[in-house]
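J.: predicted model and sequence below, questions to follow.
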There are 2 protein chains.
Amino acid sequence: MGRVVVEVMPKPEILDPQGKAISQSLERSGVSGFDVRQGKRFELTIHEEITPEVLEQVKQVAQDLLSNPVIEDVVGVYEVTGDAQ
Amino acid sequence: MGRVVVEVMPKPEILDPQGKAISQSLERSGVSGFDVRQGKRFELTIHEEITPEVLEQVKQVAQDLLSNPVIEDVVGVYEVTGDAQ
């Protein structure tokens, strides 16, 4: 059993309305100088040992099912140890 | 100028319908044995040097504005170097 984290972000050139909205709400709360981009973080609990083949399969799943390649990039796929966070 | 990543996940005891839906769609695509939980990944571009004080401010922003403490945990706040991903 193991856990793999997959990180997905909007492509840099893509408009990120959610991130913009957060930056503006930070500004209104008196926190200026922060530009925010929001993406997704997945934790996959996998019921077998994390071999290089399994990690490769996760990368494929990340590309095909966990992200939209038109507007998003998979920016991280790595094994994590310890409890689910 | 620096960049800080903030990672937010649903609390382990909270039902994660989005994660469940993804696990089921993986199952239908023939990828079994994966339990998925979905959270958020923020990239903050900050227009000043990332000092310990700035990092502390980001942690506060993460608690107060980027997560809902009732159902979510902030599981990571760390500086990253290199280009926006």
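T.: Cool, got the structure.

J.: in chain A, which strand has the most residues?
T.: For chain A, the strand reaching the highest residue count under DSSP state E is reported as strand A:34-46.

J.: could you list every helix and strand in contact with that one?
T.: strand A:2-10, helix A:17-28, helix A:52-64, strand A:72-80, strand B:2-10, strand B:34-46 (3 or more Cβ pairs under 8 Å, 6 or more residues apart in numbering or on different chains; DSSP states H and E). Every residue, glycine included, has its C-beta placed from N, CA and C.

J.: what residues of stretch A:1-13 count as buried?
T.: A:2-10 (16 or more other Cβ atoms under 10 Å in any protein chain shown).

J.: touching chain B at all, that stretch?
T.: Yes - interface with chain B: stretch A:1-13 contributes A:7-9, A:12 (Cβ under 8 Å from any Cβ of the partner chain).

J.: contacts only, for residue A:75.
T.: Applying Cβ atoms under 8 Å, 6 or more residues apart in numbering or on different chains to residue A:75 gives the contacts A:7-9, A:39, B:85.

J.: I'd like those as a markdown table, with pLDDT and distance to residue A:49 appended.
T.: Shown next, in a markdown table, are those (pLDDT from 0 to 100; distance: Cβ to Cβ, whole Å):
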| residue | pLDDT | distance to residue A:49 |
| --- | --- | --- |
| A:7 | 97 | 22 |
| A:8 | 97 | 25 |
| A:9 | 96 | 29 |
| A:39 | 96 | 28 |
| B:85 | 54 | 28 |
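
J.: most widely separated two among these?
T.: Spatial extent of these (Cβ to Cβ) is set by the pair A:8 and B:85 at 9.9 Å.

J.: which residues do the two both contact?
T.: Counting by Cβ under 8 Å, 6+ apart, the residues touching both residue A:8 and residue B:85 are A:73, A:75.

J.: quick one: which of the contacts of residue A:75 is nearest residue B:23?
T.: Among the contacts of residue A:75, and counting by Cβ to Cβ, the member closest to residue B:23 is residue A:8, at 16.5 Å.
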